[in-house]
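Colleague: Sequence and predicted structure are below.
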Amino acid sequence: MRLVDTHTHLDFPSFDSDRASLLAHAQARGVERAVVLGVYQANWQRVWGLALEDARLYAALGLHPVYLADHRPEHLRALHHWLERLAGHPKLCALGEFGLDYYVKDLDRDAQQALFEAQLALAAEFDLPVLLHVRHAHAATIATLKRYKLARRGIIHAFAGSYEEAREYIKLGFYLGLGGAPTWPQALRLHKVLPRLPLEHVVLETDSPDMAPAMYPGMRNSPVHLPEICQALAGLMAVDPAELARVSTQNAEALFGW
Ligand SMILES: [Zn+2]
C-alpha cells in the first residue's frame, strides 16, 4: 500500500521529539509523502525548512481563517514574495491552508472573504493548487470558487459536507480530503455520503496532530495512522482498501504534479 498524507501540521512542537523516527515508521508502512501546511506568516519558515530537510515532506503556505486576528496586510505581501522566490521549486506543492470558517464565532466574514479571495488570486497568479479549510461555509466557498475557476484546482480538506456539496466541488474539479473524522460512529451523515463519492475525487489525510481516528481516541494523530484510516474509510465506502490507496495516491500525485 502506497499512500500520500495530503494534510499535516508536522511542524507543531508535539512532533519535535520524534519527527524523524515517526516519518521513517510511516514510510515503512507505505506513507511515502506528506504535505505540511503553513497557517500564518510566523510558521512559514519552519514549514519550509522541514520540507527542505526531509525528502518525504512537501510544503504549502497560507493564511488560515482561524488565525484571522494575527494576519496583517503585510503578511499577504510577504506571501506574494515567498511565492515569487519559490516559484517552480519542487518542494512547494500548493497554496494553503486557507479558506472560510463560519463555525468559529467572532471571525469577521467579510474579512475572511477578502483574505480567501486574495489567496485564490495568488494561486491563479502562481499556478498552484489550493488546500482549503471549509467549515460551515460550503455555499460561500462554492460560489467563490465558481468565480475563480482555478486551473490547478485543489483539495477541500477534512470534507464533512453533504453529497450535494461534494458534487459541486467535483464539478469544479476539486478533490475531497478524507481522514479520521468519518471513522467515528457518530459521523452518521458522512457514513451516508462516503459510499457515493467517486474514488477519482478522493484524497487521504491525517490532519496530524489533530483529528485522531476512532481507533486512537484522544491520541496525537500522525501519518503512521494513515494505513489504518485508509482501511476504515474503505470499509465505509464499500471498496477494497488497496483500491482506495491506489486511486487516492494517484489523485494526489496528479494534483501536485509528482
Ligand atoms: Zn490543517
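Modeller: In hand now; what should we look at?

Colleague: Output the contacting helices and strands for the top strand by length along the chain.
Modeller: With DSSP state E applied, the strand covering the greatest number of residues in the chain is identified as strand 92-101. For strand 92-101, the helices and strands in contact under the criterion 3 or more Cβ pairs under 8 Å, 6 or more residues apart in numbering; DSSP states H and E are strand 31-37, strand 57-61, helix 73-86, helix 109-126, strand 130-135, helix 138-148, strand 154-157. In this view, the C-beta of every residue, glycine as well, is placed from N, C-alpha and C.

Colleague: and L3, backbone torsions?
Modeller: Dihedral angles of L3 (phi, psi; degrees, to the nearest 10) stand at phi -130, psi 160.

Colleague: How many residues are close by the residue nearest to H75 when sequence neighbours are not counted?
Modeller: For H75, ignoring the flanking residues on the chain, the nearest one in space by Cβ to Cβ, 6 or more residues apart in numbering is Q41 at 4.2 Å. Using other Cβ atoms under 10 Å, Q41 has 20 other residues around it.

Colleague: before we move on, what about E243?
Modeller: Every residue meeting other Cβ under 10 Å relative to E243 is counted, giving 12.

Colleague: how much space between it and Y67?
Modeller: 37 Å (Cβ to Cβ, to the nearest Å).

Colleague: before we move on, back to that, ok, now which ones touch the residue nearest to H75?
Modeller: Q41 sits next to L63, D70, H71, R72, H75, A78, L79 when contact means Cβ atoms under 8 Å, 6 or more residues apart in numbering.

Colleague: Could you rank these by neighbour count and give me the top one?
Modeller: Each of the contacts of Q41 was scored by neighbour count (other Cβ under 10 Å); the top score is that of L63, with 28 neighbours.

Colleague: Was I right to think that one contacts G99?
Modeller: No - shown here, L63 and G99 do not form a contact pair, counting by Cβ atoms under 8 Å, at 10.0 Å.

Colleague: Could I get the CA-only coordinates of stretch 64-73 as CSV?
Modeller: Extracted C-alpha coordinates of stretch 64-73, given in CSV (Å, rounded to 0.1, in the frame of the first residue of the first chain):
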residue,chain,number,x,y,z
HIS,A,64,-5.6,30.2,7.8
PRO,A,65,-9.0,31.9,8.6
VAL,A,66,-8.9,30.7,12.3
TYR,A,67,-5.9,33.0,12.9
LEU,A,68,-7.6,36.0,11.3
ALA,A,69,-6.7,38.2,14.2
ASP,A,70,-3.0,37.5,13.7
HIS,A,71,-2.9,38.3,10.0
ARG,A,72,-1.8,41.7,8.8
PRO,A,73,-2.0,43.2,5.2
